[in-house]
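**Q** Requesting a structural model of the entry that follows:
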Amino acid sequence: MAFARHQGDVEIVSVDSMQVYRGMDIGTAKPTAAEQAEVRHHLIDLVEPDDDYTVSRFQADCTAVISEIEQRGHRALLVGGTGLYLRSVTDQLEIPGQFPEVRAELDARQDTASLFNQLSELDPLAASRMEPANRRRIVRALEVTLGAGRPFSSFGPGLEQYPPSLFPVFGLDIDLPMLRDRIAARYQQQLRAGFLEEVSALRSRPFGISRTARQALGYAELLDHLNNSRPLDEAVAAAVTRTNQFARRQLRWFRRDPRIRWIPSNGTADENALAVLLDSLEDST
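**A** Numbering: from 1, shown residues only. Reported below is the predicted structural model:
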């Protein structure tokens, strides 16, 4: 926000796989109505929570939005931490198709370990790139491998390739202990703001929420509290733990990309990050 305010001709494009869902506001930390009125935002509140929004849809939507922004003579600032969504646009990745029948058969199998073993046999390279417990990614890789008749890892140049990008890419470098404190504090703030009530409202929707949406950080744990009477403090503690694990994986993902310029941040005030970002942009021109 600080950068967009400073520049004046910048519009923000959300690169968050969960902010696309309407009604998932508090838990995804969407920008407020006032912030969206001050600086134009895109790719927020696109679909209903019962929809399964995919990376291929994001790639198409984001590419179209960037084109519209540039036609207005403005610049797009892509902000967010969904790494695959970001690279689908910046690197123009070849996105595999959908195979619903294959997906349904895989979803019916509860043993994630056996799915991972099958993927390791059919596409060992893809399996080596993901955590054995990451069911969502494993099922997707198997869906494509079985449905397309070619390994999931054969699509595009691969995520281990980092070709020159038309986009300058920056990351905020925050110490992990500070980040852990911020994560725990944010959950408490979100609960005070009505996070549990938000999840309860989503749960009561006629069509519920999609498989993708219900895996959002914090939502899955609060649904467990509401559906299975798990104590709220345990559910929140589990959400904090899973979010910390995600943050570490996210950091590893982005640290591998040599194109990213890292900006030191104290994790609270944005003035320092803004100053460094502006200096970095001047240096790169």
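**Q** Now do the same for stretch 222-235: mean pLDDT, whole number.
**A** The average pLDDT within stretch 222-235 is 97.
**Q** Who are the contact partners of Asp257?
**A** In this structure, Asp257 makes contact with 162, 169, judged by CB atoms under 8 Å, 6 or more residues apart in numbering. (Glycine included, C-beta is placed from N, CA and C.)
**Q** wait, what's in contact with Asp9?
**A** Taking CB under 8 Å, 6+ apart, one finds 73-75 in contact with Asp9.
**Q** Look up how far Ser67 lies from it.
**A** Remark: distance between Asp9 and Ser67 (CB to CB, to the nearest Å) = 16 Å.
**Q** just to revisit the earlier point, from the contacts of Asp9, which ones fall inside strands?
**A** Per DSSP state E, strands hold the following members of the contacts of Asp9: Arg75.
**Q** When you compare pLDDT across the contacts of Asp9, which one is lowest?
**A** For these, the pLDDT minimum is Arg75, 93.
**Q** Give the burial count for that one, as a bare number.
**A** 14 (other CB atoms under 10 Å).
**Q** And for Ile138?
**A** Applying the criterion other CB under 10 Å, we find 25 residues in the vicinity of Ile138.
**Q** for Ser204, same thing?
**A** Count around Ser204 with other CB under 10 Å applied: 9.
**Q** now the strands for this protein?
**A** Read by DSSP E, the chain holds these strands, from start to end of the chain: 10-14, 41-42, 75-79, 169-173, 260-264.
**Q** Export the ones you listed to JSON lines and append columns for distance to Thr241.
**A** What follows is the strands of the chain, written out as JSON lines (distance: least, CB to CB, whole Å):
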{"stretch": "strand 10-14", "distance to Thr241": "26"}
{"stretch": "strand 41-42", "distance to Thr241": "30"}
{"stretch": "strand 75-79", "distance to Thr241": "26"}
{"stretch": "strand 169-173", "distance to Thr241": "22"}
{"stretch": "strand 260-264", "distance to Thr241": "26"}
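**Q** among the ones you listed, which is nearest Leu125?
**A** Each of these was scored for nearness to Leu125 using CB to CB, and the closest is strand 260-264 (23.6 Å).
**Q** Show me which residues of that closest one are buried.
**A** 260, 263 (16 or more other CB atoms under 10 Å).
**Q** go on, stretch 243-260?
**A** Applying a neighbour-count criterion of 16+ other CB under 10 Å, the buried positions in stretch 243-260 are 243, 247, 251, 253, 257, 260.
**Q** now the angle between strand 260-264 and the helix ranked longest in the chain, please.
**A** Longest helix in the chain, counting residues (DSSP state H): helix 232-255. For helix 232-255 against strand 260-264, the angle between stretch directions is 130 degrees (axes from the mean of the first three to the mean of the last three CA atoms, to 10 degrees).
**Q** now helix 232-255 against strand 169-173, angle please.
**A** Between the axes of helix 232-255 and strand 169-173, defined by the same axes, to 10 degrees, the angle is 130 degrees.
**Q** Please compute how far helix 232-255 lies from its chain's middle.
**A** Mean C-alpha position of helix 232-255 versus that of the full chain (CA atoms, centre = their mean, to the nearest Å) differs by 13 Å.
**Q** what helices or strands is it leaning on?
**A** Judged by 3 or more CB pairs under 8 Å, 6 or more residues apart in numbering; DSSP states H and E, helix 232-255 is in contact with helix 83-90, helix 176-192, helix 219-228.
**Q** Name the residues that touch that helix?
**A** Against helix 232-255 from outside (CB under 8 Å, 6+ apart): 81, 83, 131, 171, 176, 179-180, 183-184, 187, 191, 196, 217-218, 220-222, 224-225, 260.
**Q** out of the residues you listed, which are buried?
**A** When those are checked for burial by 16+ other CB under 10 Å, the buried set is 81, 83, 171, 179, 183-184, 187, 191, 196, 217-218, 220-222, 225, 260.
**Q** what residue is smack in the middle of this protein?
**A** Of all residues in the chain, the one closest to the mean position by CA atoms, centre = their mean is Thr82, 2.8 Å from it.
**Q** pLDDT wise, what is it at?
**A** According to the model's per-residue confidence, Thr82 sits at a pLDDT of 93.
**Q** Excluding covalently adjacent residues, which one is nearest to it?
**A** Excluding the flanking residues, the one nearest Thr82 by CB to CB, 6 or more residues apart in numbering is Ser17, at 4.4 Å.
**Q** Thank you kindly, that will do.
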